[in-house]
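> next one to model:
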Amino acid sequence: VQLVESGGGLVQPGGSLRLSCVASGFTFSSFAMTWYRQAPGKERELVARITRDSGTTDYADSVKGRFDISRDNDKNTLYLQMNSLKPEDTAVYYCKRPKWAWFSEVWGQGTLVTVSP
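Prediction:
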């Protein structure tokens, strides 16, 4: 079971990035999925989540209207489109398969997003 994020990097304020998270080793379409982030010196926080069929999405207030979570179950891939980025969005971004029934949670290794002039 593995989650591998990509797409992070350095971007100027106001710019955009799209993160990807490729899942393997489990039936991706059976699980809701989430994105978290951890800024330097801060606790990890939930950014967005999406149901199995993409029917429902939720966002942290800090990113609402700027970030968009989506998934492609045929490609076993989770996405996070980030627009109008701010310096306070600088963090390591992780995708996570939440704990569900007898299945344990799974974290990716993270991808660093740096928003700076």
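
> got the contact list for the helix or strand D68 falls within?
For D68, the element it lies in under DSSP states H and E is strand 67-72. Contacts of strand 67-72 with the rest of the structure, by CB atoms under 8 Å, 6 or more residues apart in numbering, involve 28, 33, 35, 47-50, 54, 57, 59, 77-83. (Each C-beta comes from the backbone N, C-alpha and C, glycine too.)

> how about stretch 21-37?
Residues from elsewhere that reach stretch 21-37 (CB under 8 Å, 6+ apart): 1-6, 19, 44-52, 69, 71, 73, 75-80, 89, 91-98, 100, 103, 106, 108, 113.

> could you identify the helix or strand that succeeds the helix or strand hosting Y79?
Following DSSP H and E, the helix or strand that holds Y79 is strand 77-82. Sequence-wise, the next helix or strand downstream of strand 77-82 (DSSP H and E) is strand 91-97.

> what angle separates that next one from strand 67-72?
40 degrees (axes from the mean of the first three to the mean of the last three CA atoms, to 10 degrees).
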